[in-house]
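Visitor: Provide a 3D model corresponding to the input given below.
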Amino acid sequence: MSGSPAVVMRLVASAYAVAEKAGTIVRKVLHSGELGIVEKTGANDLQTLADRLAQQSICSSLSKRFPKITIIGEEDLPSEEIQEDLIETGQSEEILQRSCPPEFSQLKEEEIVVWVDPLDGTKEYTEASRCLHFQAVAQAPHKGLDTPQPHSTALWLLDNVTVLIGIAYGGRAIAGVINQPFYNYQLGAGTQLGRTMWGMLGLGAFGFQLQEVPGDRRIVTTTRSHSNKLVTDCVDAMEPHEVVRVGGAGNKIIQLVEGKASAYVFASPGCKKWDTCAPEAILHAVGGKLTDMHGNAYRYDASVKHMNSAGVLATLRNHEYYVSRVPQSVLQALKSD
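Guide: Got it, this is the predicted structure:
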C-alpha cells in the first residue's frame, strides 16, 4: 500500500482493537462477580461497572487517537481521569491493509460521528451473572468445584451481549464493529473467547459466515424483555413461521446475517442510535436494510435525537414485504421522524 491509510480506515482499524479491549473488560467484570449495577430509568434499564469501564475505554482510546471526531456514548458518565490500563492503542493490521472505498477516502475527522454502546444486552448480562453465581453456590459445597461449569441458560444469555461501535458520515451509518465477548463460551477452558466482526459500505463485512434463512421461511426475531401489544401485533402481522425472542439489537442483526432469522421487527420507540448504527452498517454492507417501521432510513448526524422513535425493521432480503405488512395501528402509533 502506498501512502498512509485514509482516516476512516485508521478509525475502523482502531475501533476493531478497542472493541476487543472492551470485550475483555466485559468478561473480566462478569467473572469478578462485582457488577456494580445501578438502575437508570427502571428495572429494565440497567447500567453495570462493565458498561461504565467499557465506554470509558472506547471513548478515551478513540478520542486520544482521533481528537476531532464526535463520539456519542450510551452512558452519561462524569468527566474523570481515565485509568491508563483502559486505553487501547492497537489497530487491526488486516483492516489497515485494505483499500478505502473512494467515496470515503477524503473524509476528515471532524466530519465523522461515532456511536457507542459499550454493552448491548445489559439485562441479559446481569441475568447471566446471577445464574452463574447461584450455580457456583450450589456446586461448591457438593462438588468441590472452584470454577463452576457454565449453565446452558447462562450461556444463552451471554450470547446476547455485544459491544457496538458505529461510524457515521453525512447522516449515514458507513462502518461498524461488533464484538461478542462470550462467543465460544460454551466450549469451556482453553478456548479463545469472543469474536469481532466488522463491515463497511463498499467493502463488505467480515468476521462471520454470511448465511440466509433457507427457502421461503419467515423467521422473525424480536425483543425478549421489552414487548407490548404493539410489538406483538406487528410481529403477528408478518405471519412468521417462527419467532425468536432474544436480547440486544446487535445480537438480532447477527441473527439476520448468520441465517437464524429473516427479519428483525421491533415496533417500539425503545431502541437508540447507538444500538443500531454499527449493526446497520454491517447489515447494509452485505446488502441488507434497516429502517423505521414506515420504511424510512434513520440518520446518525451528531444533532439528531437519540431515540429511534418509529421502531426498527431490519432484513437481509425482501424488506419491502415486511414494510408492507406493518399494521396501520403501528404506523399511527409510531410517527416517523
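
Visitor: only C-alpha atoms for contact and neighbour calcs from this point on.
Guide: Will do.

Visitor: next one: phi and psi at Gly166?
Guide: Main-chain torsions, Gly166, degrees, to the nearest 10: phi -110, psi 140.

Visitor: In the protein, which residue is most central in space?
Guide: Gly250 (3.1 Å; Cα atoms, centre = their mean).

Visitor: need the longest helix for this structure.
Guide: Criterion DSSP state H: the longest helix present in the chain is helix 7-32.

Visitor: quick one: contacts of stretch 314-328?
Guide: The contact list for stretch 314-328 (Cα atoms under 8 Å, 6 or more residues apart in numbering) reads 212, 233-234, 237-238, 253, 256-257, 262-265, 283, 286-291, 293-295, 313.

Visitor: quick revisit: the residue nearest to the centre of the chain belongs to a strand, doesn't it?
Guide: No: looking at Gly250 with DSSP: H, G, I helix; E, B strand; the rest coil, it is helix, so not inside a strand.

Visitor: distance between whatever helix or strand Ala54 lives in and the chain's centre?
Guide: If you go by DSSP states H and E, Ala54 is part of helix 49-65. Distance of helix 49-65 from its chain centroid, counting by Cα atoms, centre = their mean, to the nearest Å, is 15 Å.

Visitor: hang on, the earlier thing: surely the residue nearest to the centre of the chain meets Asn179?
Guide: No: counting by Cα atoms under 8 Å, Gly250 stays clear of Asn179, with 9.1 Å between them.

Visitor: Give the intersection of the neighbour lists for these two.
Guide: Residues within reach of Gly250 and of Asn179 at once, by Cα under 8 Å, 6+ apart, are 162-164.

Visitor: wait, which of those residues is closest to Leu49?
Guide: If you rank the shared contacts of Gly250 and Asn179 by distance to Leu49 using Cα to Cα, Val163 comes first, at 14.1 Å.

Visitor: picking that back up, take the contacts of stretch 314-328 and keep only those in helices.
Guide: Residues of the contacts of stretch 314-328 located in helices (DSSP H): 233-234, 237, 253, 256-257, 283.

Visitor: so where's this structure shaky on pLDDT?
Guide: Along the chain, segments meeting pLDDT under 70 span 1-2, 40-45, 78, 133-153, 186-192.
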